[in-house]
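Trainee: curious how this folds, go ahead:
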Amino acid sequence: MKKLMLFMPDSAVDIDAELTALGQLGVLHIAPLQAAKHESIERVDARIKQLQQAISVLNRYDDEQLSDTGNEEITDYSQLERGAVFLMETVLDAEHHRQELENIKLNLAGEIAWFENWGNITLKDIKDLNNKGIWIKPYLLDEREFKKVSDREDIKVVGKLNDLTQVILLAKDADEELPGMEETPFPQNELENASELLNATNNDLETNRKFLLQLHAQKAVLEDGLKERLRRYDVRNVQFGGLAVDKHVRFWKGFIPLEHVDEFIETAEERHWGYIIEDPLPEEMEEVPTLVKTPKWAQRIQPVMDFMGLVPGYKEMDVSRVFMVFFTFFTGILVGDAGYGLVFLLITFLVHRKKKFARQIEFGLIYTLSVSIMFWGVLTGTYFGSEAIAELPVLRSLKIEALASFGGDSLIIQKLMFLIGAVHLTVGHLQVAWKFNNSVRAIAQFGWIAIIWGLFLIVNQMVLGIEAPAFMVWLFVGGALLVALFSKPGPNLFKGMISSIGNLPLSIINGFSDIISYIRLYAVGLSTVLMAASFNQMAIGDGITTVFSGIGAVLVLILGHGLNMILAAMAVLVHGVRLNMLEYAGHAEVEFSGNEYKPFNLKDNKQ
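Mentor: Here you go, the predicted structure:
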């Protein structure tokens, strides 16, 4: 990365065009020099929200077709200046009118329901009684409330409505009421009028629907208008994130990949921008963004990295390849049920089909993880936690007996988990060695690799009772010697050795606990199998003898396995990510301390 200082004229007309050209170039990562604050940003942001609201209104009609357009002609807003704004206002006004009509409809339906519950009472008669000094007030009372007033002479029971008693209070004053009880007021309209108004309101709603459906045909005008406002919003934020000099020139600080420098210079010369390109200063290294170039097959892990906010520092190496490989492998072990993997695969396929097989990296990741789950489930003979399914002739021939979830050798499986851990950590140290391939520090990494495998043998002995070979001691001796001699090379060799030896015991203890951590793969995978088997036992353990028990068994199976799949997915996020993010990354000397390279880019301005 190169540091770049960019200078442009600060006139309102020129700067919009120049920053738009910079955004269309899409190569400069801008580090704001100040918080971007200006009334124009607030105005554009408010307009963006209005356009998005109008588009969301029209989105409701995506699956509808208009058969009868009526006689009213709709303005072609694409031909109008500021057509997007006029269309937006028309849509929002129509939506506001629709909401008012829906409220009116709801109130009228409530009034009609009142007459159905209380009888076809004429409101004129009620007013005549009021004029004579008699006030009728309806109430719906529960059992406790009714007991309080049941002995009053001015209370008359007129019926029951569900669990409530319908009573009327014969009051002599308009303000008289039953304390602590809510009156059920009379409707505002007569029954006949309410029915007529409801029909008219339904007709108005249908007219409104047709009008919005006609406007839906011009939704692209709103989408284009939104894209333009998003462009303005981005431009304004960049503009006012820079510093002005004497109200004539504005400048920005940013970073640009080396391979884009020539492209930038060519554009800058054409548009007469001022610029200074130089190497970042040591104190600026924390600001330098990280541009990670990951192979296409490993890019599938990016959603996980983004979700966890994992960005390697500028001088740290890209670990996405290793992350992808081992995360896929860990997911298979942690879930480990071929039936669950098939369910995940089918759900992903159905969602992907609904989105018309859009090319989204998330789908590629879930497809890969689902296949990994199915693969490990087949090897271990695990299908919805059912041993009976695993013993079917074809499926039984595919499983590895030693790894089988039912009847397998737990000692071998645990040893395999520790072996995976040792390999994973070894890969981390090999990557560090490659990073320092021009330095003797690479030799120290081979010392750490020897220590890792010595720890692997100790873990097997202490946890699994497998006796360690005699050469294990030499792995520690040789490894410690290489670490002490080459971890911190410099003019003062003795001082570097003392420092390395001082840190060595704690590092070895951490390495021991890191390898132990990989047993979680076995433990969590086993718990998934046991829970699935438990739900199977709950559902059909005693057999299905009645229709009711059959329905109950189906519900237990669906809810139980559904819950188990959710827990398994959570385990993947917790444990699968953790082993990569902490154990492996610690040995690969990656702290994920970077900030992502996000160039100011208007090429793909999306909603």
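
Trainee: residue 528 against residue 337, yeah?
Mentor: Yes - using Cβ atoms under 8 Å, residue 528 makes contact with residue 337 at a distance of 6.4 Å. Every C-beta, even on glycine, is put in place using the N, C-alpha and C of the backbone.

Trainee: give me the neighbour count for the nearest residue to residue 593 once chain neighbours are set aside.
Mentor: Excluding the flanking residues, the one nearest residue 593 by Cβ to Cβ, 6 or more residues apart in numbering is residue 313, at 4.2 Å. Residues lying near residue 313 (other Cβ atoms under 10 Å) number 17.

Trainee: and what about residue 313, helix, strand or coil?
Mentor: Secondary structure, DSSP: H, G, I helix; E, B strand; the rest coil: residue 313 is coil.

Trainee: and if you look at residue 359?
Mentor: Here residue 359 is recorded as coil under three-state DSSP.

Trainee: name all residues that make contact with residue 208.
Mentor: By Cβ atoms under 8 Å, 6 or more residues apart in numbering, the contact set of residue 208 is 94, 97, 98, 101.

Trainee: please flag which of those sit within helices.
Mentor: Among the contacts of residue 208, the members falling in helices (DSSP state H) are 94, 97, 98, 101.

Trainee: pick out the most distant pair among those.
Mentor: When Cβ to Cβ is used, the two most widely separated members of the ones in helices among the contacts of residue 208 are 94 and 101, lying 10.4 Å apart.

Trainee: what is the least confident helix or strand in this structure?
Mentor: The weakest-scoring helix or strand in the chain, judged by mean pLDDT, DSSP states H and E, is helix 493-517 (a mean of 81).

Trainee: so for the following helix or strand past that helix, what gets flagged as buried?
Mentor: Once helix 493-517 ends, the next helix or strand along the chain (criterion: DSSP states H and E) is helix 519-540. Buried residues in helix 519-540, counting neighbours by 16 or more other Cβ atoms under 10 Å, are found at 519-522, 524-525, 528-529, 531-533, 535-536, 539-540.

Trainee: thinking again about what came up before, what is in contact with residue 528 and residue 337 at once?
Mentor: Common neighbours of residue 528 and residue 337 (criterion: Cβ under 8 Å, 6+ apart): residue 568.

Trainee: so which residues of this protein form strands?
Mentor: With DSSP state E, the ranges of strands along the chain come out as 2-9, 29-31, 135-141, 155-161, 164-171, 243-245, 249-256, 274-278.

Trainee: want to throw the ones you listed into CSV with mean neighbour count, distance to residue 59 and mean pLDDT?
Mentor: Below are these laid out as CSV (neighbours: other Cβ atoms under 10 Å; distance: least, Cβ to Cβ, whole Å; pLDDT from 0 to 100):
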stretch, mean neighbour count, distance to residue 59, mean pLDDT
strand 2-9, 18, 38, 93
strand 29-31, 20, 33, 93
strand 135-141, 19, 41, 91
strand 155-161, 12, 40, 90
strand 164-171, 18, 41, 90
strand 243-245, 13, 41, 88
strand 249-256, 21, 37, 93
strand 274-278, 13, 43, 94
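
Trainee: format the ones you listed as JSON lines; extra columns: distance to residue 294.
Mentor: Putting those into JSON lines (distance: least, Cβ to Cβ, whole Å) gives the following:
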{"stretch": "strand 2-9", "distance to residue 294": "22"}
{"stretch": "strand 29-31", "distance to residue 294": "18"}
{"stretch": "strand 135-141", "distance to residue 294": "66"}
{"stretch": "strand 155-161", "distance to residue 294": "66"}
{"stretch": "strand 164-171", "distance to residue 294": "66"}
{"stretch": "strand 243-245", "distance to residue 294": "35"}
{"stretch": "strand 249-256", "distance to residue 294": "19"}
{"stretch": "strand 274-278", "distance to residue 294": "26"}
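
Trainee: what is the burial count for residue 65?
Mentor: Neighbours around residue 65, by other Cβ under 10 Å: 7.

Trainee: what's the pLDDT at the residue nearest to residue 593?
Mentor: What the model reports as pLDDT for residue 313 is 85.

Trainee: next: residue 129.
Mentor: The predicted local confidence for residue 129 is 85.

Trainee: that one against residue 137, yeah?
Mentor: No - assessed by Cβ under 8 Å, residue 129 is found out of contact with residue 137, at 11.2 Å.

Trainee: so who does the residue lying closest to residue 25 once chain neighbours are set aside touch?
Mentor: Distance criterion Cβ to Cβ, 6+ apart; nearest residue to residue 25, sequence neighbours excluded, is residue 267 at 5.5 Å. If you count contacts by Cβ under 8 Å, 6+ apart, residue 267 has them with 21, 22, 25, 273.

Trainee: measure the first one to residue 269 for me?
Mentor: Applying Cβ to Cβ, to the nearest Å, the value for residue 21 to residue 269 is 12 Å.

Trainee: these two: who's more crowded?
Mentor: Using other Cβ under 10 Å as the criterion, residue 21 and residue 269 rank with residue 21 on top: 16 against 10.

Trainee: show me the contacts for the more buried one.
Mentor: Going by Cβ under 8 Å, 6+ apart, residue 21 touches 267, 271.

Trainee: and the pLDDT at it?
Mentor: pLDDT, residue 21: 93.

Trainee: any idea how many residues pack against the closest residue in space to residue 240 that isn't next to it in sequence?
Mentor: With sequence-adjacent residues excluded and distances taken as Cβ to Cβ, 6+ apart, residue 240 is closest to residue 36, at 4.3 Å. Neighbours of residue 36 under the rule other Cβ under 10 Å: 14.

Trainee: pLDDT wise, what is residue 36 at?
Mentor: On the pLDDT scale, residue 36 gets 90.

Trainee: how much space separates it from residue 472?
Mentor: From residue 36 to residue 472 the distance is 60 Å (Cβ to Cβ).

Trainee: repeat for residue 180
Mentor: Computed as Cβ to Cβ, the residue 180 to residue 472 distance reads 82 Å.

Trainee: of the two, which one has the most company?
Mentor: Counted by other Cβ under 10 Å, residue 180 and residue 472 do not tie: residue 472 has more neighbours, with 18 against 7.
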